[in-house]
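In: fold the stuff below for me.
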Amino acid sequence: MISAMNQPPQVIVVGGGHAGAEAAAAAARMGVSTILLTMTRGAIGRMSCNPAMGGIAKGQIIREIDALGGLMGLATDAGGIQFRVLNRRKGPAVWAPRAQCDRGLYAEALTRLLDQTPNLTILEGLVEDLLVQPCPVDDRPAVRGVRLADGREIPARAVVLTTGTFLRGVLHTGEQTCRGGRLGEPAADALSGALERLGLRLARLKTGTPPRVARDSVDYSVLEEQPGDERPTPFSFLNERLTQPQVPCWITYTNERTHELIRASLHRAPLYTGQITSTGPRYCPSIETKIVRFADKARHQLFLEPEGYDSDRLYCNGISTSLPPDVQEQMVRSIVGLEKARIVQMGYAIEYDYVPPQQTLPTLESKLVKNLFLAGQINGTSGYEEAAGQGLLAGVNAAAQVLERPPLVLRRDQAYIGVMIDDLVTKGTVEPYRMFTSRAEFRLLLRSDNADARLTPIGREFGLVDDRRWERFRHKAELIQALTTWATSEPNIGKQVTEWWEQTDGETAPWPGSPLRRGFLNALRDHALHSPSPALVEEAMLAAGILLKYDGYIRRQEREVERFRRMEVRSIPETFDFAKIRQLRLEAREKLAQVRPRTVGQAQRIDGISPADIAVLLLHLELMHRGSGRNPVSS
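Out: Numbers count the residues shown, from 1 in each chain. Next up, the predicted model:
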């Protein structure tokens, strides 16, 4: 942290969670004087729910954040206590790194990285209002700073809101409710009113967390142990290996007795009494919802996950609940291995305000308020990774706006972050949005292993990638190029790569001493490429192996991307009046006017827009451009 600012802040980031940390660091790295405002410094990077990072699609997002110069991958590597790559026996398109983390170590690492970031100051305070003024160039009001609860006013040229679950947050445990952003922390009630006064429409969502049990009260002898990978894979491209000891997790299951207890208590469950009225996550439902929705299932899997090396708590992943405390006690003790478990923190649900994201531009700037950017759960997402990805983009674009530079909008074929933001601003969400690989059309191109190839040059262009990362990236790219050039010049290499892959499931680069490995290393020497890092060579060998084995599939997907881009570059003017196109159905006119897509490709992805609507839109765009003498295709 910089103790005193040399100049007034140009960007203020509100909230010190995963979105806020990435937003503040990104803006500051671009040379913009930045303040990170948090209620308490000790809450920066707090893992409110599961003490884990990554997983299906989420692991890919962390590697994308890291490739762009972000913090989450580095903090995860520093705070991880168990590392696994999921889906290893499937194709590389769905390989997903995941890490169990030590809550304290992760938060310490993230705070340390922020403290080391130039141009960044961390301040404690509760934001109650936004300062605005008329914008001279359009009809939107423009943010000019924030007002804190203690009356202080801090001016800024852009504000990024990353408020998580704090906007009018209400916690539920059985019949008991209390106001709060998470357990033991106050809600941010006034800021919701400030947003509404500016014309933003708010709605409510719900999420939840499971009980935690004392680590020494569990019978591990009857549980299934889940170890980490023998050779853990780092999240950050800067890290070659992980040396910290790994700890196991454990697996158990609910049973019919558990389900009977829950069914008998539904009349006391806030989700079923009407006490909770907002929508919860479809893909991470509470145990009450699971029992009702999947009544035919005899059991549900439960993961017992340590919250740290020295923590006395286990996170009971799989039984998120807001049932009353006495029911939670019975429910937990009905599960094999937990018969004598002591609950040290009850599960609870939380309802909070969010801003339905069709009100937000692809840059994550509000459509209604200039210089106001939104990132994380305020946009309707769930998950640390989704929040952090948005935070990085919001921070970049807030800084770019201050610097009067073009914004960064990642395409759907460039990054999972691009898929997520496009989904949010185009389709919106009425439930907490979670990223899956199935949401991406081009997931073979959006692999976890090639996030640096896709995004590090972009990060360098925007000032996010330092010299150390850039040189390592260039060196790896040279190694991959040399290996693929050699392999394609030898008739039998493709066959050897395939055979190696089938034998090892692609888990490691070719084994030491194998003919394929010797050939790879000889190819590097032929190109006068010598790496002081065996780990970097191994990364390059693995990447080259993927490119060789899946060459035909990758080329086919690249052709699909070209077709996709032809629609993406057909721009729609910001002033285009959809209401005047009478040939469009009323529903289409209303949805197009609400979302205001920037391209025909984005218009195609709006729910309820048909191919016939797109044909009409294209015709009118063509007629309009012919009349103006402008080309309807812009880059």
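In: from here on, contacts and neighbour counts on C-alpha atoms
Out: Fine.
In: where does pLDDT dip in this structure?
Out: Within the chain, the segments meeting pLDDT under 70 span 1-7, 491, 494, 498-514, 530, 628-635.
In: tell me the centre residue of it?
Out: E386 (1.8 Å; Cα atoms, centre = their mean).
In: shouldn't that residue be within a helix?
Out: Yes - when DSSP: H, G, I helix; E, B strand; the rest coil is applied, E386 is found to be in a helix.
In: residues near P407, how many?
Out: 17 (other Cα atoms under 10 Å).
In: cool, and L183?
Out: 16.
In: what residues does the closest residue to it other than its chain neighbours make contact with?
Out: The spatial neighbour of L183 that comes closest, neighbours along the chain excluded (Cα to Cα, 6 or more residues apart in numbering), is L171 at 7.6 Å. When contacts are counted by Cα atoms under 8 Å, 6 or more residues apart in numbering, L171 touches 177-183, 348-351.
In: equivalent analysis for M30, please.
Out: 396, 399, 462-464.
In: for those residues, give me TSV that also has distance to G376 and secondary structure.
Out: Shown next, in TSV, are the contacts of M30 (distance: Cα to Cα, whole Å; DSSP: H, G, I helix; E, B strand; the rest coil):
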residue	distance to G376	secondary structure
V396	15	helix
A399	18	helix
F462	21	coil
G463	23	coil
L464	20	coil
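In: just the closest of those to K290, please.
Out: V396 (39.4 Å; Cα to Cα).
In: that closest one: neighbouring residues, count only.
Out: The number of residues packed around V396, counting by other Cα under 10 Å, is 30.
In: returning to that earlier point: only whichever of the contacts of L171 are buried, select them in ChimeraX.
Out: Buried residues among these (16 or more other Cα atoms under 10 Å), as a ChimeraX selection:
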select :179,180,181,182,183,348,349,350,351
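In: per-domain residue ranges of this protein.
Out: 467-555, 569-628 (automatic domain parsing).
In: of all these, which one is nearest V159?
Out: So among the domains of the chain, domain 569-628 is nearest, using Cα to Cα, at 22.5 Å.
In: thinking again about what came up before, closest to L302 out of the contacts of L171?
Out: Comparing the contacts of L171 against L302 with Cα to Cα places Y348 closest, at 17.2 Å.
In: hang on, the earlier thing: so the residue nearest to L183: helix, strand or coil?
Out: strand.
In: can you check V146 too?
Out: Three-state call for V146 (three-state DSSP): strand.
In: give me every residue that touches it.
Out: Applying Cα under 8 Å, 6+ apart, the residues near V146 are 127-131, 153-156, 159.
In: for PyMOL, write the selection for the buried entries among the residues you listed.
Out: Buried residues within those, by 16+ other Cα under 10 Å, are selected in PyMOL with:
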select buried, resi 127+128+129+130+131+154+155+156+159
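In: adding secondary structure, write the contacts of V146 out as CSV.
Out: Formatted as CSV, the contacts of V146 follow (three-state DSSP):
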residue, secondary structure
V127, strand
E128, strand
D129, strand
L130, strand
L131, strand
E153, strand
I154, strand
P155, strand
A156, coil
V159, strand
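In: from the contacts of V146, which two are the most distant?
Out: The span of the contacts of V146, defined through Cα to Cα, is set by E128 and A156 at 15.4 Å.
In: returning to that earlier point: any idea how far the residue nearest to L183 lies from S322?
Out: Distance of L171 to S322, given as Cα to Cα, to the nearest Å: 9 Å.
In: again, but for R212
Out: In this view, R212 and S322 are 13 Å apart by Cα to Cα.
In: please apply the same query to V465.
Out: Using Cα to Cα, V465 is found at 43 Å from S322.
In: need phi/psi at the residue nearest to G318 when sequence neighbours are not counted.
Out: Leaving aside its chain neighbours, G318 sits nearest to L302 (4.8 Å; criterion: Cα to Cα, 6+ apart). Backbone geometry at L302, expressed as degrees, to the nearest 10, gives phi -130, psi 130.
In: I'd guessed L302 sits against L314; true?
Out: No - in this structure, L302 is not within contact of L314 by Cα atoms under 8 Å, at 11.6 Å.
In: which residues of the stretch 151-300 of the chain fall in strands?
Out: 153-155, 158-161, 170-173, 176-179, 203-209, 212-214, 224-226, 249-253 (DSSP state E, counting those that start in this stretch).
In: hey, which of these is tucked in deepest?
Out: strand 158-161 (a mean of 27; mean count of other Cα atoms under 10 Å).
In: pull up the pairing partners for it, direction included.
Out: Sheet pairing of strand 158-161 (DSSP bridges) gives strand 11-14 (parallel), strand 372-374 (parallel).
In: C-alpha coordinates for it, PDB please?
Out: Output in PDB follows, covering the C-alpha atoms of strand 158-161 (Å, rounded to 0.1, in the frame of the first residue of the first chain):
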ATOM      1  CA  ALA A 158     -14.300   6.700 -12.800                       C
ATOM      2  CA  VAL A 159     -15.800   4.400 -10.200                       C
ATOM      3  CA  VAL A 160     -15.900   0.600 -10.200                       C
ATOM      4  CA  LEU A 161     -18.500  -1.000  -8.000                       C
END
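In: chain center to it: distance?
Out: 19 Å (Cα atoms, centre = their mean, to the nearest Å).
In: other residues contacting that strand?
Out: Contacts of strand 158-161 (Cα under 8 Å, 6+ apart): 10-15, 20, 23, 143-146, 371-375, 378, 394-395, 398-399, 401-402.
In: mind running it again at 6 Å?
Out: 11-14, 371-374, 398 (Cα atoms under 6 Å, 6 or more residues apart in numbering).
In: wait, which of these is closest to P407?
Out: The closest of the contacts of strand 158-161 to P407 turns out to be A398 (Cα to Cα; 8.5 Å).
In: that closest one falls within a strand, correct?
Out: No - counting by three-state DSSP, A398 is not found in a strand; it is helix.
In: with adjacent residues omitted, what lies nearest to it?
Out: With sequence-adjacent residues excluded and distances taken as Cα to Cα, 6+ apart, A398 is closest to A158, at 5.9 Å.
In: report all helices and strands that the longest helix that the chain contains contacts.
Out: Secondary structure of the chain per DSSP state H: the longest helix is helix 467-489. Where contact means 3 or more Cα pairs under 6 Å, 6 or more residues apart in numbering; DSSP states H and E, helix 467-489 is packed against helix 534-549.
In: which stretches of the stretch 301-450 of the chain form helices?
Out: 325-333, 384-403, 416-427 (DSSP state H, counting those that start in this stretch).
In: residues making contact with the longest one?
Out: Just to be clear, that refers to helix 384-403. For helix 384-403, contacts defined as Cα under 6 Å, 6+ apart pick out 18-20, 22-23, 26-27, 58, 158, 364, 375-376, 407, 417.
In: helix 416-427 and that helix, what's the angle between them?
Out: 80 degrees (axes from the mean of the first three to the mean of the last three Cα atoms, to 10 degrees).
In: and the nearest residue to Q481 once chain neighbours are set aside, how many neighbours?
Out: Nearest non-adjacent residue to Q481, counting by Cα to Cα, 6+ apart: A544, 7.9 Å away. Using other Cα under 10 Å, A544 is surrounded by 23 other residues.
In: against W250, how distant is A544?
Out: 36 Å.
In: was I right to think H300 contacts E256?
Out: No - using Cα atoms under 6 Å, H300 is not in contact with E256, being 9.9 Å away.
In: so these two - more neighbours on which side?
Out: Neighbour totals were compared for H300 and E256, and H300 leads with 18 against 14 (other Cα under 10 Å).
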